[in-house]
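> Need coordinates for the below:
(chains A and B)
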Amino acid sequence: MMPMQTLEEIKKRLESAVPGVCVEIVSNDSPCQQRSLLVDRDHGPQVAAWLRRDDALRLDYLSNVTGVDWPEVVTKQKIKVKRKVDGVEKEVEEVVQTRSGGYLEAVYHLYSMELKQGAVVIRMRTGDRDQQNKLPSLTPIWRSAELQEREIYDLFGIVFEGHPDLRRILMWDGFEAHPMRRDYVEPDDYEYEPTPHDSVLAKAKAHYPPEVAP
Amino acid sequence: MDEGLRSELSKQGIFTSTLEDLYNWGRQNSVWPLQFGLACCAIEMIATSMARFDLARFGAEVFRPSPRQADLMIVAGTVTKKMAPQVVRLYNQMPEPKYVIAMGACAISGGPFKQGYNVLKGIDRFIPVDVHIPGCPPRPEALLHAFMTLQQRIDGQRLTGKSRPRHLNAEAPSEFPVPQFGAKDLEPPFNPEVWQPPRLVRSE
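Numbers count the residues shown, from 1 in each chain, chains lettered A, B, ... in the order given. Prediction:
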């Protein structure tokens, strides 16, 4: 049996098969080093259909869909720049801000039952975390995405367009927040913690009566 | 009644008792549990009812699928906030006298999932619990022990007076408010008439 194509080969063939698609290989620093394909959201369904249909890949089995929240992180860095001040070249310190994150991500793990190969991991990113939180649903291509996309909608707040039945699944209708987001504020029900420690202790202390609180 | 006289009469084939003893004896030996489970503790509850541990020896073999016919609610497993109103509603639908066993760490306090976003920190925040069993999950022997503890409690109940059980007290409530789904949490987050956080006192 032929070994599965590398991610570079898949990317190259994908770019010729789906015109206008923007694919990027995302590296992974963890020990497994499983890299993934970042696909632009407008071409998501076309890419997914091609991955499923392609004779060399036949990715007919979607094993897992999950979400990732990337809050916006601003890192400030001081660098020294040479610049002309009053006609004289001087070294000036400048603060450079780099922004990263600020979007939500859906991650799909794909295998092929027919060719017994995998996994190929594809990702799609939303525009931001508030208004542009839409991604195309891949449920029309892999039926097994239905419940898991609902779960991502529930916990992360990604709206999947083209999903047949997008409702909350773990929380109730009318619940406002998305609990798996990094900035989720949970209700303050720490009034009784028998063995508190660390962050729980800090929250429980807010409920201690004044004569007990240190 | 004098114990010596009672013993003497029983030798002659005459058995005497009080109405209270008879009433409690009947209740404690036919406690029918409600057939429902919430998580992995339910598997231990099923094991308890099967041949090896045999809950039938205590008169509780008839797991009823309807709350209208059940006396005992075994809260076996994690109570999520989405499930909590249904659990309270099931409890409300059970006729008096009714009892609750909170089985396992989750039903007592939320257990290992306590800090989860959708886990209720103990079912005793909404309904009165008679017996708590710790464990994750408790062994079937522990559930049997909880059951025997419940039987002893039923046996010790006085039918008149201030400490009479709830079903003989017309003023005591038999139904408890069902919490509503709010925007952030259950509303209310607990029933203050049933549960209050214990007061912390610092020891010197």
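> hang on, residue A:49 packs against residue A:141?
Yes - in this structure residue A:49 lies within contact range of residue A:141 using Cβ atoms under 8 Å: 5.6 Å. Every C-beta, even on glycine, is put in place using the N, C-alpha and C of the backbone.
> Which secondary structure elements does the longest helix along chain B sit against?
Using DSSP state H to define each element, chain B has its longest helix at helix B:140-155. Identification of packing neighbours for helix B:140-155 by 3 or more Cβ pairs under 8 Å, 6 or more residues apart in numbering or on different chains; DSSP states H and E yields helix B:19-28, helix B:41-49, strand B:99-103, strand B:131-133.
> quick one, helices of the chain?
Went with chain A since none was named. With DSSP H as the criterion, chain A has helices spanning A:7-17, A:44-53, A:145-156, A:198-205.
> I was after chain B.
B:3-11, B:19-28, B:41-49, B:84-93, B:104-109, B:140-155.
> Give me the below-cutoff pLDDT ranges for the chain.
Using chain A here. Filtered on pLDDT under 70, chain A yields the residue ranges A:1-2, A:212-214.
> My question was about chain B, not that one.
Checking chain B against pLDDT under 70 turns up B:200-202, B:204.
> in it, which residue is closest to the centre?
For chain B, the residue nearest the mean C-alpha position is residue B:100 (1.6 Å; Cα atoms, centre = their mean).
> Pretty sure that one sits against residue B:133.
No - judged on Cβ under 8 Å, residue B:100 makes no contact with residue B:133 at a distance of 11.5 Å.
> before we move on, the earlier item: if you count surrounding residues, which of residue A:49 and residue A:141 has more?
Comparing residue A:49 with residue A:141 by other Cβ atoms under 10 Å in any protein chain shown, the one with more neighbours is residue A:141, at 22 against 14.
> Now that one, what are its backbone angles?
When read as degrees, to the nearest 10, the backbone of residue A:141 gives phi -100, psi -50.
> Who are the contact partners of the closest residue to it other than its chain neighbours?
The spatial neighbour of residue A:141 that comes closest, neighbours along the chain excluded (Cβ to Cβ, 6 or more residues apart in numbering or on different chains), is residue A:48 at 4.6 Å. Neighbouring residues of residue A:48 by Cβ atoms under 8 Å, 6 or more residues apart in numbering or on different chains: A:108, A:122, A:138, A:141, A:142.
> So what's the residue count around the third one?
This points to residue A:138. For residue A:138, the tally of surrounding residues (other Cβ under 10 Å) stands at 30.
> Point to the residue nearest the middle of chain A.
Short answer for chain A (Cα atoms, centre = their mean): residue A:105, at 2.3 Å.
> how many neighbours does residue A:80 have?
Residue A:80, neighbours per other Cβ under 10 Å, totals 9.
> Quick check: it touching residue A:92?
Yes - if you go by Cβ under 8 Å, residue A:80 and residue A:92 touch, sitting 7.2 Å apart.
> if we can go back for a sec, so how far is chain B from the residue nearest to residue A:141?
As judged by Cβ to the nearest Cβ, to the nearest Å, residue A:48 and chain B stand 30 Å apart.
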